[in-house]
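Asks: Below are the sequence and a predicted model; questions follow.
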Amino acid sequence: NLPDELIEKSEIENLTDMDSLKSANIIKHKQKLIITTDSVSDIPEEVLKQHNIMCMPYYVVTGNGRFKDNSEISQSNVIECLLQDKDSVKSVCGSLDEYERFFAQALNLGEKVLHVATSRDISFGYEVALEAAESFGDVTVFDSRQMSAGVGLVALKAAELAKFIYSPEELSRKLIQYIPQISTSFIIPDFSYVEQRRMPVKIYTKLVNSSNSHPVVRIRKGKIFFVVTYMGDYNRTIQRFIDRTLKKTDDIDDSELYIMQMELSNDRLEFIKREIEKRIHFKKIHVLPTSAAIACNSGPESFGLVFERKDK
């Protein structure tokens, strides 16, 4: 196991545990439709509680074992492990058995379940959840076509709609219409941290592994695309990344912006906020750490911008 000082315990270690769910008042009575998602949706625990969303953990695998995302290993733990040996750290979804038990517990709390998963083209979690759902008649697995907080936005939209839409099929149709509004982009200072299993990266490897190269990735139609690689000073790269991401300000819903960060210094975070403010004023900016599992594939000083575009 990891040394005790590297393990951080959350107040609720396992959101699939029935007693924990009840004691946390996450679900007070059996609902018509339960919304569930994965820990890599990067929704804070207090927001999960507020919106009655159950969360299935991903895992971080190191040379010392398999650790539950966020509750048994934190983002800072992962960064420390990556700095020691980046090749020995990776993220994985839960097993088929774990997803089956998770859905069984969700069905004890609701008549039907809609599970919002990370894009099938980015993670195997969708496929495992889909196979697990075959053991039940009332579990629907929805492909968010997103990653990180983009998945979170879809899950939150699902929870909002589930207050008056009880049909998973109808709710899924509404979510499909909503997904194109979400913009998710990340900048990665060190390409070598990127897990290559499902990313179109081979042709970029030689270029972006050179010194002072910083690739930018964006989610398009459920896939990760490397849209540009900037060279040189990282602060200058950040300015160019923000320019590119926020250039169509007339189309952006300025109500909320999510800055998903991995061990950013306070100075750099303030620099990012100032650069964003120069281009567009968001009424609310949420600065959130990515999950430990997400951090495995991006490394320190990476960050993403996630927001909605206006509904046309």
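Replies: That came through fine.
Asks: Now do the phi/psi pair for residue 300.
Replies: phi -70, psi 150 (degrees, to the nearest 10).
Asks: Nearest residue to it in space, please, no chain neighbours.
Replies: residue 263 (4.3 Å; C-beta to C-beta, 6 or more residues apart in numbering). Quick note: C-beta positions are derived from backbone N, CA and C, even for glycine.
Asks: what number of residues lie near that neighbour?
Replies: 20 (other C-beta atoms under 10 Å).
Asks: Report whether it is found in a strand, as I expect.
Replies: No - assigned with DSSP: H, G, I helix; E, B strand; the rest coil, residue 263 falls outside any strand and is coil.
Asks: which residues touch the closest residue to residue 139 other than its chain neighbours?
Replies: Leaving aside its sequence neighbours, residue 139 sits nearest to residue 133 (C-beta to C-beta, 6+ apart; 4.0 Å). With contact set as C-beta atoms under 8 Å, 6 or more residues apart in numbering, residue 133 has these partners: 103, 115, 139, 140, 141.
Asks: can you pick the most crowded of those?
Replies: residue 115 (29 neighbours).
Asks: Assess the claim that it and residue 128 are in contact.
Replies: No - contact between residue 115 and residue 128 fails when scored by C-beta atoms under 8 Å: they sit 10.8 Å apart.
Asks: any idea how far residue 220 is from the residue nearest to residue 139?
Replies: Residue 133 is 27 Å from residue 220, where distance means C-beta to C-beta, to the nearest Å.
Asks: Would you reformat the contacts of residue 133 as CSV and include secondary structure?
Replies: Formatted as CSV, the contacts of residue 133 follow (three-state DSSP):
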residue, secondary structure
103, helix
115, strand
139, strand
140, strand
141, strand
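Asks: State the pair within those that is farthest apart.
Replies: Distance extremes for those: the farthest pair is 103 and 140 at 10.4 Å, using C-beta to C-beta.
Asks: And the helix or strand where residue 155 lies, what's buried?
Replies: Here residue 155 sits within helix 149-161, counting by DSSP states H and E. By neighbour count on 16 or more other C-beta atoms under 10 Å, the buried set for helix 149-161 is 149, 150, 151, 152, 153, 154, 155, 156, 157, 158, 159, 161.
Asks: Could I get the contacting residues of the nearest residue to the third one once chain neighbours are set aside?
Replies: Pointing back at residue 151 there. Distance criterion C-beta to C-beta, 6+ apart; nearest residue to residue 151, sequence neighbours excluded, is residue 41 at 3.9 Å. For residue 41, the contact set (C-beta under 8 Å, 6+ apart) comprises 55, 116, 118, 148, 149, 151, 152, 155.
Asks: repeat that with 6 Å
Replies: The contact partners of residue 41, by C-beta atoms under 6 Å, 6 or more residues apart in numbering, come to 151, 152, 155.
Asks: What of residue 228?
Replies: Neighbours of residue 228 in contact, by C-beta under 6 Å, 6+ apart: residue 216.
Asks: give me that answer again for 10 Å
Replies: Contacts of residue 228 were listed using C-beta atoms under 10 Å, 6 or more residues apart in numbering, and they are 187, 214, 215, 216, 217, 218, 237, 240, 241, 244.
Asks: what's the spacing between it and residue 270?
Replies: 25 Å.
Asks: what does residue 221 give?
Replies: Distance from residue 221 to residue 270, by C-beta to C-beta: 34 Å.
Asks: Same question for residue 258.
Replies: 17 Å.
Asks: before we move on, what about residue 126?
Replies: Where residue 270 is concerned, residue 126 sits at a distance of 37 Å (C-beta to C-beta).
Asks: Which one's more surrounded, these two?
Replies: Using other C-beta under 10 Å, the more surrounded residue of residue 126 and residue 270 is residue 126, with 24 against 11.
Asks: Model confidence at the more buried one, what's the number?
Replies: Note on residue 126: pLDDT of 97.
Asks: mind listing what it touches?
Replies: By C-beta under 10 Å, 6+ apart, the neighbours of residue 126 are 38, 93, 115-120, 141-145, 222.
Asks: can you check residue 110 too?
Replies: 27, 29-36, 52, 54, 138, 162, 166.
Asks: List phi and psi for it.
Replies: According to degrees, to the nearest 10, residue 110 has phi -150, psi 160.
Asks: quick one: it and residue 35, what's the gap?
Replies: 9 Å.
Asks: again, but for residue 136
Replies: Counting by C-beta to C-beta, the gap from residue 136 to residue 35 is 16 Å.
Asks: of these two, who's got more company?
Replies: Between residue 136 and residue 35, residue 35 has the larger neighbour count (other C-beta under 10 Å), namely 28 against 15.
Asks: Report pLDDT for that one.
Replies: 98.
Asks: how about it, what does it touch?
Replies: Here residue 35 is in contact with 48, 51-54, 106, 110, 113-116, 142, 154-162, 168, 171 (criterion: C-beta under 10 Å, 6+ apart).
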